[in-house]
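> Fold the following, please.
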Amino acid sequence: MIPLRDRNPSGSFPAVTVALIAANVVVFLFEMMAQQDLERFFSAYALIPAKVMLGLDGRLPWSDVVTPFFSSMFLHGGWLHLIGNMWYLWIFGDNVEDTLGPVRFLLFFLLTGLAAGITHVALNPASTIPTVGASGAISGVLAGYAVLFPHARVLTLVPLGFFLRVMELPAVVLLIIWVILQVLSGLVSFGMEQAGGVAWGAHVGGFVAGLVLVRLFRPRRVMA
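Now for the predicted structure:
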């Protein structure tokens, strides 16, 4: 399912959402410029669970352990990866930012991304595969949207066999289906040695963190 747009206009310009999208695009352009040395670039800034474990054992400086949890949120594995993530952030981020306010929303985004990274490391402590992408943090944004606007309608492209149909779905239904797909995909891939792929556990970790944190960050006057 591909969300096309929501019928939930925000009341203010989403400055942080736009800034996050711009930052991701700029960093991706730097990635493109570093193509000849991309392995070293990812080694320094992508999240690598085995490297984190070395740091926890005291065999690497703490800066090498902490920095990738945040820098990896702004790296992507290709144009499709980048566009897909930024599309979800654009559709759902503006309303969450409008409700939380720009400062709270930025903290919310970073903390849910951090939770996603910690979940991924906890589930794959021996993995040497670099993990990149804003997907974990955006999962948190989706959770926040589901809590704040469960009845908002989202225009969605839905595959029905060999056909595609545009349907209006309640946000909470769309996002529950998304979570189920993430969990099922994670169960299928759990324990399998992979040379790449999607960090499903990070998606779920970010989503759960979003469910919790949005209630703490939400102004008291706002009712779901």
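> And the average pLDDT for stretch 99-113 is what?
Mean per-residue pLDDT for stretch 99-113: 97.
> centre of the chain versus that stretch, how much separation?
Offset of stretch 99-113 from its chain centre (C-alpha atoms, centre = their mean, to the nearest Å): 13 Å.
> secondary structure class for residue 155?
The three-state label for residue 155, taken from DSSP: H, G, I helix; E, B strand; the rest coil, comes out as strand.
> Can you tell me the closest non-neighbouring residue to it?
residue 4 (4.5 Å; C-beta to C-beta, 6 or more residues apart in numbering). Every residue, glycine included, has its C-beta placed from N, CA and C.
> Sheet partners, orientation included, of the strand or helix carrying the one you found?
According to DSSP states H and E, residue 4 maps onto strand 2-6. Sheet partners assigned to strand 2-6 using DSSP bridges are listed as strand 153-160 (antiparallel).
> Could I get the pLDDT score of residue 193?
With respect to pLDDT, residue 193 scores 42.
> Not counting sequence-adjacent ones, nearest residue to residue 171?
In space, residue 171 is closest to residue 152, 4.4 Å off (C-beta to C-beta, 6+ apart).
> After the worst-scoring helix or strand of the chain on mean pLDDT, which helix or strand is next? Please name it.
Taking mean pLDDT, DSSP states H and E as the measure, the helix or strand of the chain with the lowest value is helix 171-189, at a mean of 69. For helix 171-189, the following helix or strand on the C-terminal side (DSSP H and E) is helix 200-217.
> what helices or strands is that following helix leaning on?
helix 79-100, helix 102-123, helix 135-148, helix 171-189 (3 or more C-beta pairs under 8 Å, 6 or more residues apart in numbering; DSSP states H and E).
> make it 7 Å
Packing contacts for helix 200-217, counted by 3 or more C-beta pairs under 7 Å, 6 or more residues apart in numbering; DSSP states H and E, involve helix 102-123, helix 135-148, helix 171-189.
> Please dump those into TSV; it should also carry mean neighbour count and distance to residue 55 for every row.
Below are these laid out as TSV (neighbours: other C-beta atoms under 10 Å; distance: least, C-beta to C-beta, whole Å):
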stretch	mean neighbour count	distance to residue 55
helix 102-123	22	10
helix 135-148	27	19
helix 171-189	16	25
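> Need the ones you listed in a markdown table (columns: distance to residue 57).
Formatted as a markdown table, the helices and strands packed on helix 200-217 follow (distance: least, C-beta to C-beta, whole Å):
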| stretch | distance to residue 57 |
| --- | --- |
| helix 102-123 | 13 |
| helix 135-148 | 24 |
| helix 171-189 | 27 |
